[in-house]
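# from the sequence below, what's the structure:
(one chain, ligands or ions: 1)
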Amino acid sequence: MTSKDLLNSIREKRSFLCVGLDTDLQKIPKHLHKEDDPIFAFNQAIIDATAPSCIAFKPNLAFYESMGTFGLSAFIRTVDYIKEHYPQHLIIADAKRGDIGNTSDMYAQSFFDHGKVDAVTVSPYMGEDSVSPFLKYPDKWVILLALTSNKGSDDFQMMQSADGEYLFERVLRISQTWEHSDQLMYVVGATKAEMLKKVRAIVPDSFLLVPGVGAQGGGIEEVMANGMNDQCGLIVNSSRGIIYADSSEHFAARAADEAEKIRHKMEEGLINKGII
Ligand SMILES: O=C(O)c1cc(=O)[nH]c(=O)n1[C@@H]1O[C@H](COP(=O)(O)O)[C@@H](O)[C@H]1O
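Here you go, the predicted structure:
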């Protein structure tokens, strides 16, 4: 999926929302537990309900791997379901991978050859040779962690070099010199929205994956004000705030309402910026 495809999708849906599929057996409605595959049944209902309001889905691997083969099978079924029924939606495997070259090669194969996702989140801290195996797949995206939404991002990402450059700024600047850097997106937490201007000074044109609205307290308005470029350039994720809005039999309809509320705010931002 190219950035042009993404922008078309954003214009068509009037949205740049990503619905996070952080599916937890303990949190899904009890009536689904009688299904053969409750995780997939939940995802399917959430996907069908929210697809009109979003442009991307982001299953986080931790939630699936924690359930062993049963969880992995639900992950694969989920990806296949989105591919088959909503082929224009970007699928992000949130895996936060990255290792020595030959191991990253295996990770890349598992997501892009065996699995058919469009993008994978990758940690930059082992450097270029740990990321380049993911960048060998044309039309696939590598989403590098730049400035994450959690408190611990202060520990390393906000460290400053003698000339005042933050470590996350260095990640942005150096990674832009790598081969196929046009296939890079970056994670910047919505809770760090005040830093988005600094991010844009280094990567004015890149797409940013922005998690941390909703449950983590980040605000969509500040993200749009500081991070939106003239091609939108944003994919904003919400997981718990949408998928667990309700735990009754009406969970999917309530998830759709929550997604639509966010989409509505995004639509205003896109109009104000002249993108739609
Ligand atoms: O890479 C991510 O998606 C990510 C990066 C980050 O800095 N912060 C962050 O919350 N995430 C992920 O985004 C999702 C946020 O979930 P909610 O807080 O429930 O909306 C989770 O899957 C996190 O793992």
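# get me the contact residues on the stretch 151-276 of the chain for the ligand.
For the stretch 151-276 of the chain, the residues in contact with the ligand (Cβ under 6 Å from any ligand atom) are V187, G189, P211, G212, G214, A215, Q216, N237, S238, S239, R240, G241. Yep, even glycine has a C-beta here, placed from its N, CA and C like the rest.
# I'd like to know which of those are buried.
Judged by neighbour count, with 16 or more other Cβ atoms under 10 Å as the criterion, the buried members of those are V187, G189, P211, G212, G214, Q216, N237, S238, S239, G241.
# hmm, the first one is touching V142, no?
Which is V187. No: counting by Cβ atoms under 8 Å, V187 stays clear of V142, with 10.9 Å between them.
# longest helix in this structure, by number of residues?
With DSSP state H setting the assignment, residue counts place helix 251-272 as the longest helix in the chain.
# and that helix, how far out from the chain middle?
Distance of helix 251-272 from the chain centroid (Cα atoms, centre = their mean, to the nearest Å) equals 17 Å.
# how about it: buried residues?
Buried residues in helix 251-272, counted by 16+ other Cβ under 10 Å: 251-252, 254-260, 262-263, 265-267, 269-270.
# that helix - what's its average pLDDT?
Model confidence over helix 251-272 averages 98 on the pLDDT scale.
# which helices and strands sit right next to that helix?
When contacts are defined as 3 or more Cβ pairs under 8 Å, 6 or more residues apart in numbering; DSSP states H and E, helix 251-272 sits against helix 3-13, strand 17-21, helix 38-50, helix 220-227, strand 234-238, helix 240-243.
# can I get the ones you listed in JSON lines with mean pLDDT and distance to A146?
Converted to JSON lines, the helices and strands packed on helix 251-272 look like this (pLDDT from 0 to 100; distance: least, Cβ to Cβ, whole Å):
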{"stretch": "helix 3-13", "mean pLDDT": "98", "distance to A146": "18"}
{"stretch": "strand 17-21", "mean pLDDT": "98", "distance to A146": "16"}
{"stretch": "helix 38-50", "mean pLDDT": "98", "distance to A146": "26"}
{"stretch": "helix 220-227", "mean pLDDT": "98", "distance to A146": "12"}
{"stretch": "strand 234-238", "mean pLDDT": "98", "distance to A146": "14"}
{"stretch": "helix 240-243", "mean pLDDT": "98", "distance to A146": "22"}
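# now render these as JSON lines, adding distance to S161.
Below are the helices and strands packed on helix 251-272 laid out as JSON lines (distance: least, Cβ to Cβ, whole Å):
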{"stretch": "helix 3-13", "distance to S161": "31"}
{"stretch": "strand 17-21", "distance to S161": "32"}
{"stretch": "helix 38-50", "distance to S161": "42"}
{"stretch": "helix 220-227", "distance to S161": "23"}
{"stretch": "strand 234-238", "distance to S161": "28"}
{"stretch": "helix 240-243", "distance to S161": "36"}
